[in-house]
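> What would the 3D arrangement of this be:
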Amino acid sequence: MLPIIKAQSRSLFPSFDTWAELSRDVDRLFGGSYACSHAMPVDVREEGDLLIFSAEVPGVNQSDLEVTTENGMLKIAVNRAESSEKEAGNYLVRERHASNVSRTFTLPETADLDKVEANLAHGVLTLRVPKKEQAKPRQITIG
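Numbering: from 1, shown residues only. Here you go, the predicted model:
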């Protein structure tokens, strides 16, 4: 995680200067997109016959979320409307932006894209992607 404090000049805290320099270098290298790529952290885990995606989307309304599947891909998008806050006030630090963020994941062929379930609670979007029936292991009786 990049630091919250960005030093404009040398401070009494050398570690902040080091992190601030690194942050500026990374922003220059990636055109400022590095910080945005972590704007929606996602955990993916396997639980039995499910893939479970947990995306942090604090302060996002359900109407601003879009979850789509196409050609074996799962896309989670947040489409935030521009705020009138942008114009008001003289910000000393401005880190919250009304920007659109998306993450795309390639799913295995065994994923059943027709049965994806989504739930939004407490700033976490949870997606449950089951395996297709033919992909599930089955016991063969010997007779």
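
> Val129: neighbouring residues, count only.
Other residues lying near Val129 total 24 when counted by other C-beta atoms under 10 Å. C-beta coordinates here come from the backbone N, C-alpha and C atoms, glycine included.

> show me where pLDDT drops low in this structure?
1-28, 30-38, 82-88, 97-98, 135-136 (pLDDT under 70).

> Map the structural domains onto the sequence of it.
Per the record, the chain has its domains at 1-38, 39-133, by automatic domain parsing.

> for stretch 63-73, which positions count as buried?
Leu65, Thr69 (16 or more other C-beta atoms under 10 Å).

> Need the distance between the two termini of that stretch.
Its start and end residues considered, stretch 63-73 measures 21 Å (C-alpha to C-alpha, to the nearest Å).

> what does the helix or strand harbouring Thr104 rub up against?
For Thr104, the host element (DSSP states H and E) is strand 101-106. Contact partners of strand 101-106, identified using C-beta atoms under 8 Å, 6 or more residues apart in numbering, comprise 36, 39-40, 42, 44, 53, 55, 72-78.

> if we go to 10 Å?
Residues outside strand 101-106 that contact it (C-beta atoms under 10 Å, 6 or more residues apart in numbering): 36-42, 44, 51, 53, 55, 57, 60, 66, 68-80, 111, 127, 129.

> Please name the strands paired to that strand in the sheet, noting orientation.
strand 73-78 (antiparallel) (DSSP bridges).

> Could you give me the buried positions within the strand it pairs with?
Leu74, Ile76, Val78.

> okay, those in CSV with distance to Arg103 next?
Below are the buried residues of strand 73-78 laid out as CSV (distance: C-beta to C-beta, whole Å):
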residue, distance to Arg103
Leu74, 9
Ile76, 5
Val78, 9
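
> now, which of those sits nearest Arg138?
For the buried residues of strand 73-78, the residue nearest Arg138 by C-beta to C-beta is Leu74; the value is 25.8 Å.

> For the closest one, give me its contacts.
By C-beta under 10 Å, 6+ apart, the contact list for Leu74 reads 44, 51, 53, 67-68, 103-107, 111, 113, 116, 127, 129.
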